[in-house]
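J.: Next one to model:
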Amino acid sequence: MAERIGPLREEHLDECARLFVSTFNAEPWNQSWTLETAQKKLAWTLGVPGFLGWVSLDDRIVAFAAGYRQQEDEGEVFYLAILCVGPKAQGTGVGSRLTDHLEEQLANGGVNKVYLITHKGTPAESFYRKRGFKVSDEDIMMTHEW
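T.: Numbering: from 1, shown residues only. You can find the predicted model right below:
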């Protein structure tokens, strides 16, 4: 079967959750997701108003992107909450094809700005920089733990 990109739907949740766990529990992320916590994260993301998501399929889901549109003062922007490319598909171009599709779909819907958060020094940072993303001169991410 040839790769195809289509909308991420609720019926994809379990397969996407398994891919999420296998991706983000591996190097370089080394996180500790369970199938249950990944399902909760994905279900929440799918339920956000303005949700948009896509899956890349080749007999099974090999990658997916999910986020949501949000109104800002100068128009709508897109917050890319998750870009997940399975370990076996990394480096094959599927992530680039998926983000190209995402940008095309967003542009057709009047959105021309994407925000995302990723870890410094990871292959993901390099991937996004190659795709034209840059560290914002205006915005910072702040955290507070207790």
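
J.: contacts, neighbours, all on C-alpha from now
T.: OK.

J.: Skipping adjacent residues, who's closest to the most centrally placed residue in the chain in space?
T.: Centroid-nearest residue in the chain, with C-alpha atoms, centre = their mean: Leu83, separated by 2.2 Å. Leaving aside its sequence neighbours, Leu83 sits nearest to Ala65 (C-alpha to C-alpha, 6 or more residues apart in numbering; 4.4 Å).

J.: That neighbour belongs to a strand, doesn't it?
T.: Yes - per DSSP: H, G, I helix; E, B strand; the rest coil, Ala65 lies within a strand segment.

J.: which ones are touching it?
T.: Neighbour list for Ala65: 53-55, 80-84, 98-99, 102 [criterion: C-alpha atoms under 8 Å, 6 or more residues apart in numbering].

J.: Can you show me the helices along the protein?
T.: Assigned by DSSP state H, the chain shows helices spanning 13-24, 35-47, 94-108, 123-130.
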